[in-house]
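Engineer: Sequence and predicted structure, then a few things I'm wondering about:
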Amino acid sequence: MDLVIRPAAPDELRMASDVMRVALLNARVGDEEWEKWKDGWEQGHLAITAWDGTRCVGHAGAFHFDTLVPGGNWLPTAGVTRVGVLPTHIRRGALTAMMRRLLDDERSDGKVLASLRASESVIYGRFGFGLAGQGISVVVDPRRISSIPGAAGGSFRLVLPEEALEVVPPLYERMNHRAGAIRRPPLLWRRELEAVIDRSKGESIAVHTGEDGVDDGYCHYELKWRDVPLEEGYGLCTLHDLFATSPEVELALWQYMTSLSLVRSISVDNRPVDDLVLLALADVRAYDVKARWDEQWVRLLDVEACLSARTFGDGEPVTIAVDDPWYPDNADTFQVSSDGVKRVIGDADLRAPIAALSATYMGSVQWRDLVKVGRVAASADAAARADRLFAHYPGTWSNTFF
């Protein structure tokens, strides 16, 4: 029997949730947990499902939010998430069919960009997604850090649990975000701050207030005590969020984090590859990079809209012939310059599949590197000119998993 691909009805969402959880090696959702989180399935989320008769066998969903792109514009985005197919139905085209329906529906709804955080890095290139930004996992030894030069003055306060949702999301909106950041929807804030609000873990949020009396940064972290022989016990810290309105405040937040009493290590799952604090440390080995990983995958759903929304550097124009087998209106030749973007007719300087263009879009992946590995056809000169236009500092980074 052929699989049927369609949106899930409201009363089918729990079944879709169970399918996704089993496919991603988790237990099916219990009654109490479903009551707690069902709003996140019912509101602000597109659910595309695969069916074998009356049995749901696959799910691909998307949250809706805006993504910051180079130059400061925010683009309506489909945040692809909760993707999985039951092991009994893999290799039957279910994933491809669900992704095509999902992206088709999101394009029709006005989303010009798609973004995801991949459980497996080999899956999504065939759907036009390109790796646009990486993150690093680090462990910081605060005992090797006495001071951080360049840190802003000011004061700190701890946010009360009942204040968290009132204080933190509006503050996050004012931060000096990098390209690739997203506007977190209520569902993601609820998940992010859950342990602070219900006091289920040793999590705290410290807000920095500048000397002008205005809140200008915050850090969200978790503390645990490691019980070895009592006289040798010490604290462990996990840093979840650290955002600021300026580099000086960012360094002040790090000064706060590395001054926490009794803490011997600060673990952070996700920091930008070009993290500012590393350059401020006298002992760079206090900042130990444990892993580098694919933090952000991007797909341009509307090439012209996406290119027109971001800014470009100075340099000679380049023309890019885009190949997008899913969306013919994207498969055209675009001239890119510091003045903007337009469709043109004629030979192109670069020929790129949509996944390659999507990878370079945020400005952290170089065209010349994609040419070297055979993913883009162009001369070295054309690639260098494209890099001068597309490059963006600082590097792309989101620090939001969904």
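Structural biologist: All right, it came through fine. Residues are numbered from 1 along each chain as shown.

Engineer: quick one: low-confidence ranges for the stretch 201-350 of the chain?
Structural biologist: 229-231 (pLDDT under 70).

Engineer: The same query, at a cut-off of 90, please.
Structural biologist: Within the stretch 201-350 of the chain, the ranges that satisfy pLDDT under 90 run 226-233.

Engineer: So which residues of it form helices?
Structural biologist: Applying DSSP state H, counting those that start in this stretch to the stretch 201-350 of the chain gives helices spanning 247-257, 276-280, 303-309.

Engineer: Would you mind saying which of these lies nearest residue 15?
Structural biologist: helix 303-309 (34.9 Å; CB to CB). Where you see a C-beta, it was placed from the backbone N, CA and C, and this is true even at glycine.

Engineer: burial measure for residue 129, as a count.
Structural biologist: 25 (other CB atoms under 10 Å).

Engineer: Distance to residue 401 and mean neighbour count added to the helices of the stretch 201-350 of the chain, as CSV?
Structural biologist: Below are those laid out as CSV (distance: least, CB to CB, whole Å; neighbours: other CB atoms under 10 Å):
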stretch, distance to residue 401, mean neighbour count
helix 247-257, 20, 22
helix 276-280, 21, 17
helix 303-309, 23, 20
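
Engineer: could those helices go into TSV alongside distance to residue 26?
Structural biologist: Converted to TSV, the helices of the stretch 201-350 of the chain look like this (distance: least, CB to CB, whole Å):
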stretch	distance to residue 26
helix 247-257	31
helix 276-280	34
helix 303-309	34
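
Engineer: if you count residues, which helix in this protein comes out on top?
Structural biologist: Of all segments of type helix in the chain, defined using DSSP state H, the longest is helix 94-108.

Engineer: how about residue 89, what does it touch?
Structural biologist: 3, 50, 52, 57-58 (CB atoms under 8 Å, 6 or more residues apart in numbering).

Engineer: what does residue 44 give?
Structural biologist: Neighbours of residue 44 in contact, by CB under 8 Å, 6+ apart: 63-64, 185-187.

Engineer: cool, residue 171 as well?
Structural biologist: Shown in contact with residue 171 (CB under 8 Å, 6+ apart): 207, 215, 217-218, 243.

Engineer: Apply 6 Å and report the result again.
Structural biologist: Residues in contact with residue 171, defined by CB atoms under 6 Å, 6 or more residues apart in numbering, are 215, 218.

Engineer: Now name the helix or strand holding it.
Structural biologist: Assigned by DSSP states H and E, residue 171 belongs to helix 164-173.

Engineer: Tell me the gap between that helix and the middle of its chain.
Structural biologist: 19 Å (CA atoms, centre = their mean, to the nearest Å).

Engineer: What residues sit buried inside that helix?
Structural biologist: 164-165, 167-169, 171-172 (16 or more other CB atoms under 10 Å).

Engineer: which residues touch residue 40?
Structural biologist: residue 187.

Engineer: burial measure for the residue found closest to residue 137 once you drop the neighbours it is linked to in the chain, as a count.
Structural biologist: Nearest residue to residue 137 in three dimensions, chain neighbours excluded: residue 291, at 4.3 Å (CB to CB, 6 or more residues apart in numbering). Around residue 291 there are 9 other residues, counting by other CB under 10 Å.

Engineer: CA atoms of the helix or strand where residue 36 lies as CSV?
Structural biologist: Element membership for residue 36 (DSSP H and E) is helix 31-37. Extracted C-alpha coordinates of helix 31-37, given in CSV (Å, rounded to 0.1, in the frame of the first residue of the first chain):
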residue,chain,number,x,y,z
ASP,A,31,-0.6,11.3,29.9
GLU,A,32,0.9,13.8,32.3
GLU,A,33,3.7,14.9,30.0
TRP,A,34,1.3,15.2,27.0
GLU,A,35,-1.0,17.5,29.0
LYS,A,36,2.0,19.6,29.9
TRP,A,37,3.3,19.9,26.3
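
Engineer: residues of that helix that come out buried?
Structural biologist: residue 37.

Engineer: List of residues touching it?
Structural biologist: Residues contacting helix 31-37 (CB under 6 Å, 6+ apart): residue 14.

Engineer: Next secondary structure element downstream of it?
Structural biologist: Sequence-wise, the next helix or strand downstream of helix 31-37 (DSSP H and E) is helix 39-42.

Engineer: Would you indicate which residues of that next one are buried?
Structural biologist: By 16+ other CB under 10 Å, the buried positions in helix 39-42 come out as 40-41.

Engineer: now swap in stretch 97-109 and tell me
Structural biologist: Quick answer for stretch 97-109 (16+ other CB under 10 Å): 97-103, 106-107.

Engineer: Could you check how far that stretch is from the centre of its chain?
Structural biologist: Per CA atoms, centre = their mean, the centroid offset for stretch 97-109 relative to its chain is 20 Å.

Engineer: Can I get that stretch in PDB? Just the C-alpha atoms.
Structural biologist: What follows is stretch 97-109, C-alpha atoms only, in PDB (Å, rounded to 0.1, in the frame of the first residue of the first chain):
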ATOM      1  CA  ALA A  97       7.600  13.100   0.700                       C
ATOM      2  CA  MET A  98       7.000  14.700   4.100                       C
ATOM      3  CA  MET A  99       9.800  17.200   3.600                       C
ATOM      4  CA  ARG A 100       8.500  18.200   0.200                       C
ATOM      5  CA  ARG A 101       5.000  18.700   1.500                       C
ATOM      6  CA  LEU A 102       6.300  20.600   4.600                       C
ATOM      7  CA  LEU A 103       8.400  23.000   2.600                       C
ATOM      8  CA  ASP A 104       5.800  23.400  -0.100                       C
ATOM      9  CA  ASP A 105       3.200  24.400   2.500                       C
ATOM     10  CA  GLU A 106       5.600  26.700   4.300                       C
ATOM     11  CA  ARG A 107       6.500  28.500   1.000                       C
ATOM     12  CA  SER A 108       2.800  28.900   0.300                       C
ATOM     13  CA  ASP A 109       2.400  30.400   3.800                       C
END
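
Engineer: what is the rounded mean pLDDT of it?
Structural biologist: Averaging pLDDT along stretch 97-109 yields 98.

Engineer: With stretch 31-45 instead?
Structural biologist: Here the average pLDDT along stretch 31-45 is 88.
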